[in-house]
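K.L.:
Quick one: sequence plus predicted model below, questions after.
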Amino acid sequence: MSNGFDRDRDEFARGARVVVLLPDRGDSSRDAEARLEESAGLAAAIGLEVVDRVALKVRQPRPATLIGSGQVEELATRVRMEEASLVIVDAALTPVQQRNLETGLGAKVIDRTGLILEIFGERAATAEGRLQVELAHLDYQAGRLVRSWTHLERQRGGFGFLGGPGETQIEADRRMIRDRMARLRRELDQVSRTRGLHRDRRQRAPWPVIALVGYTNAGKSTLFNRLTGAHVMAENLLFATLDPTLRQISLPGLDKAILSDTVGFVSDLPTQLVAAFKATLEEVVSADLLVHVRDVAHPDTEAQRADVESVLEEIGVDPATPRFEAWNKLDLLDDERRAELLTAAERRTDVLAISALTGEGIDDLSVKIAARLTAGHRRYHLTLDAGDGAGLAWLHAHGEVVRQETEELESHVEVRLDPADYERFLQR
């Protein structure tokens, strides 16, 4: 009887029965139950059926199996009872630990990095996304060839000028992976250059770019749809959005701005993915304003905030980049917690409590975002020829015209502008 896992192909199928294991070392700020819930959500994101969740105390990680031998036996019993074909370990495993656990548990084992890579591999929709995921997969697999192949002891070559014992199959496989990774990096560099040209064009326009960032499933895509009227995939699903989406929006005092919806972050985001998705995340690095969307109904909301800030630092976001927090999912809070958060948000200028699902606070959010983007604007008094309609239109498009009076051959305009736009207007 098939249990959802084909050992010959080293793959697992949708619907496979899964046991989630959390090796709890007691050094995390996160709640163990919330961590298990997140791992189960990650598994569900690719159609796996979680039949059991186990948190095991690990005082000293074992080099061979991470957990103790008695814990391996206990877990193996649960795997057999649940007829599970896959065990997901919410930690990073070495290739040796992964192989030994598979032997001890009698089931396929993947770690957190492998699971996230599987999700990204299934979700990547664009050519760029697929390139990025393949690069990350190859980087991850390069160190695990010892367990991924059955033919590694074969030798190839050689006589004559080839000489010697020849190239082992594992060396050939590693070389092929390195060559493929080099090709992928060249293709992604081209993608990055193209994206850079588009970004330069926007900056010359110039329209401010607002990037929505946040933990996965915080509600970024729902907020993006609410602000833009778009129909980006927005589900109660981890990593529902992988590829960046940009749309034009209008804000108070700004004729036009660009809103970017980006991939969600997660704790312990694999370094392979951070490197592979660098081209995508450049939209975040170059943004004029970051709107950090937070799920305030989640028990680990503060830890999630710290994880997002950590990833932003890792991808090279300038700490001086203006940031604004949208405390999302007010609709899921009870009255007491809701009142508490609303009061806390009112005391801060860089926070607004909202519900992207119901639309509560969205109009105020647009005003706040516009205020942050125009905070450096100054008032200028300009005199234009009465017939300079193009100049007047430019001022309306790039700033906020506070007052306008026309007398005979001249128009007197008071306008709020970014200093860079003012210089650009004078040089037009």
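P.N.:
Yep, it's here. Numbering: from 1, shown residues only.
K.L.:
in which helix or strand would I find Leu382?
P.N.:
strand 378-385 (DSSP states H and E).
K.L.:
swap that for Gln97, sorry
P.N.:
Assigned by DSSP H and E, Gln97 falls in helix 95-105.
K.L.:
elements contacting that helix?
P.N.:
helix 69-81, strand 86-89, strand 108-111, helix 145-148 (3 or more CB pairs under 8 Å, 6 or more residues apart in numbering; DSSP states H and E). Just so you know, the C-beta spots here come from the backbone N, C-alpha and C atoms, and that holds for glycine as well.
K.L.:
The third one pairs with which strands, parallel or anti?
P.N.:
It stands for strand 108-111. strand 86-89 (parallel) (DSSP bridges).
K.L.:
mean confidence score for the strand it pairs with?
P.N.:
Strand 86-89 shows a mean pLDDT of 95.
K.L.:
quick one: low-confidence ranges for the stretch 1-150 of the chain?
P.N.:
1-13, 28-29, 125-126, 143, 145-150 (pLDDT under 70).
K.L.:
ok so Leu21 is a strand residue?
P.N.:
Yes. Counting by DSSP: H, G, I helix; E, B strand; the rest coil, Leu21 is found in a strand.
K.L.:
ok, and what's touching the helix holding Gln97?
P.N.:
62-66, 72-73, 75-76, 79, 87, 89, 93, 108-111, 143-144, 146-147 (CB atoms under 8 Å, 6 or more residues apart in numbering).
K.L.:
residues touching Leu138, list them.
P.N.:
177, 180-181, 184.
K.L.:
and the closest residue to Arg112 other than its chain neighbours, how many neighbours?
P.N.:
Nearest non-adjacent residue to Arg112, counting by CB to CB, 6 or more residues apart in numbering: Asp90, 5.3 Å away. Residues within reach of Asp90, counting by other CB atoms under 10 Å, total 23.
K.L.:
For Asp90, give me its contacts.
P.N.:
Asp90 touches 20-23, 35-36, 39, 112, counting by CB under 8 Å, 6+ apart.
K.L.:
Tell me the secondary structure at Asp318.
P.N.:
Taking three-state DSSP, the label given to Asp318 is coil.
K.L.:
so who does it touch?
P.N.:
Val285.
K.L.:
is it true that Phe324 touches Arg294?
P.N.:
No. Using CB atoms under 8 Å, Phe324 makes no contact with Arg294, being 11.0 Å away.
K.L.:
Are we agreed that Gln141 is in a strand?
P.N.:
No. Gln141: not assigned to a strand; according to three-state DSSP it is helix.
K.L.:
What separation do you get for it and Met181?
P.N.:
10 Å (CB to CB, to the nearest Å).
K.L.:
Please apply the same query to Val266.
P.N.:
Distance from Val266 to Met181, by CB to CB: 23 Å.
K.L.:
When those two are compared, which one has more neighbours?
P.N.:
Per other CB under 10 Å, whichever of Val266 and Met181 has more neighbours is Val266, with 22 against 18.
K.L.:
For Ala303, see how far away that one is.
P.N.:
Distance, Val266 to Ala303, using CB to CB: 11 Å.
K.L.:
How many residues are close by Leu48?
P.N.:
Leu48: 24 surrounding residues under other CB under 10 Å.
K.L.:
From what I see, it and Ala84 are in contact.
P.N.:
No. Using CB under 8 Å, Leu48 makes no contact with Ala84, being 10.0 Å away.
K.L.:
Report the set of residues contacting both of those two.
P.N.:
In contact with both Leu48 and Ala84: Val18, using CB under 8 Å, 6+ apart.
K.L.:
contacting residues around Glu314?
P.N.:
Going by CB under 8 Å, 6+ apart, Glu314 touches Val274.
K.L.:
what are the ranges of the helices in the stretch 101-250 of the chain?
P.N.:
112-123, 127-142, 145-148, 169-204, 220-228 (DSSP state H, counting those that start in this stretch).
K.L.:
Identify, out of those, the most deeply packed stretch.
P.N.:
Mean neighbour count (mean count of other CB atoms under 10 Å) peaks for helix 220-228 among the helices of the stretch 101-250 of the chain, with a mean of 23.
K.L.:
Could I get the CA-only coordinates of that helix as PDB?
P.N.:
Extracted in PDB, the C-alpha atoms of helix 220-228 (Å, rounded to 0.1, in the frame of the first residue of the first chain):
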ATOM      1  CA  LYS A 220       0.200  41.900   3.100                       C
ATOM      2  CA  SER A 221      -1.600  40.700  -0.100                       C
ATOM      3  CA  THR A 222      -5.000  41.400   1.400                       C
ATOM      4  CA  LEU A 223      -3.800  45.000   2.200                       C
ATOM      5  CA  PHE A 224      -2.300  45.300  -1.200                       C
ATOM      6  CA  ASN A 225      -5.600  44.400  -2.800                       C
ATOM      7  CA  ARG A 226      -7.500  46.700  -0.600                       C
ATOM      8  CA  LEU A 227      -5.200  49.700  -1.400                       C
ATOM      9  CA  THR A 228      -4.900  49.000  -5.200                       C
END
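K.L.:
chain center to it: distance?
P.N.:
Offset of helix 220-228 from its chain centre (CA atoms, centre = their mean, to the nearest Å): 16 Å.
K.L.:
Does that helix pack against any helices or strands, and if so which?
P.N.:
strand 209-214, strand 245-251, strand 254-261, helix 362-373.
K.L.:
Taking their axis directions, it and strand 245-251 sit at what angle?
P.N.:
Taking axes from the mean of the first three to the mean of the last three CA atoms, to 10 degrees, one finds helix 220-228 and strand 245-251 inclined to each other by 40 degrees.
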